[in-house]
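Asks: Sequence unavailable; structure follows:
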């Protein structure tokens, strides 16, 4: 779909262009990692040593403290996927090297969560063989495209995302198809989870389970591009970054929304500012959900969090 500029009631197509070099694309992304992928920069052009003889374009740390590898191409290239897998294998075998680099860049108290590794490939396009190969390979690869326009507008889109569904068909899996349609494109997904949504419901009462399913249905229903990412201690719902993290507790759900409590106070009586209070997951506005009424009061704020992160 072309991009149009508007002048009164007239629309004018904006021509596409491209970066002069891959380095220009890389520099732009690294200068805006928080805005695009909500990551912190660990290193640029990171050497993997003399024996491995590689150089990772961008190393980062996600908002969930997972390692992030980003590789770039300014033209369509199948080598991007195999190159990214090469570096994924390296980082899995060199955790200590990454942790030292992360602590050097971000501080000695930096913690790394190895339950997941994000591998982001960014290119203007991929052919069908690339998409099929990445789907069959599985793992942690995310395929993103970009479009740069003459008016300096740039658009990023994830066309292949990880699926965090359990291998077996469950009540959760039956609610949300593994392949979802975004506009006219099909977003391919594949299982790659260490944890599942159902594990967070284990041992909980039916009332709490029903509330958790209701949150899941509402948030996933906001946009077909939203993915569910179960972690060890919470379930994250994200696009390019987390929208909300949900802790399923024995007597209630704790929702942590990506909203600034200084700007948004949340539903009265069930929300608070936790920006200075330690908690699992990400998000500074906490909402405690004990009943369907609490969930109804939370929905406008969940939708606002979705819009604020770029939905």
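Replies: Here it is on my side, so go on. Nothing here was measured: the structure is a model prediction, and the numbers come from that model. Numbers count the residues shown, from 1 in each chain.

Asks: quick check, residue 301 in a helix?
Replies: Yes. Under DSSP: H, G, I helix; E, B strand; the rest coil, residue 301 falls within a helix.

Asks: Neighbours of it, how many?
Replies: 20 (other CB atoms under 10 Å). Where C-beta positions appear, they are placed from N, C-alpha and C, glycine not excepted.

Asks: And the next helix or strand past the helix or strand containing residue 105?
Replies: Using DSSP states H and E, residue 105 falls within helix 95-106. On the C-terminal side of helix 95-106, the nearest following helix or strand under DSSP H and E is strand 118-123.

Asks: Tell me how far that following strand lies from the chain's centre.
Replies: 11 Å (CA atoms, centre = their mean, to the nearest Å).

Asks: Give me the below-cutoff pLDDT ranges for the protein.
Replies: Of all residues in the chain, those with pLDDT under 70 make up the ranges 1, 77-78, 138-139, 161-193, 310-311.

Asks: so what are the domain limits for it?
Replies: Taking automatic domain parsing as the criterion, the chain consists of the domains 1-160, 194-311.

Asks: Most tightly packed of the ones you listed?
Replies: Stretch with highest mean neighbour count among the domains of the chain: domain 194-311 (a mean of 18; mean count of other CB atoms under 10 Å).

Asks: and that domain, how far out from the chain's middle?
Replies: On the basis of CA atoms, centre = their mean, the separation between the geometric centre of domain 194-311 and that of its chain is 15 Å.

Asks: and what of stretch 24-32?
Replies: The chain centre lies 18 Å from the centre of stretch 24-32; the measure is CA atoms, centre = their mean.

Asks: which other residues reach that stretch?
Replies: 19, 36-37, 41, 44, 57-58, 70, 72, 74, 122, 146, 154 (CB atoms under 8 Å, 6 or more residues apart in numbering).

Asks: repeat for stretch 7-22
Replies: 2-6, 25, 28, 72-74, 124, 147-151, 153.

Asks: At which residues are the strands of the stretch 201-311 of the chain located?
Replies: Using DSSP state E, counting those that start in this stretch, the strands of the stretch 201-311 of the chain run over residues 227-230, 235-238, 242-248, 253-257, 271-273, 285-289.

Asks: and the last one, what other elements does it pack with?
Replies: It refers to strand 285-289. strand 253-257, strand 271-273, helix 292-308 (3 or more CB pairs under 8 Å, 6 or more residues apart in numbering; DSSP states H and E).

Asks: how about those in TSV, adding distance to residue 214?
Replies: TSV is the format used below for the helices and strands packed on strand 285-289 (distance: least, CB to CB, whole Å):
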stretch	distance to residue 214
strand 253-257	9
strand 271-273	18
helix 292-308	6
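
Asks: That concludes my questions; thank you for your assistance.
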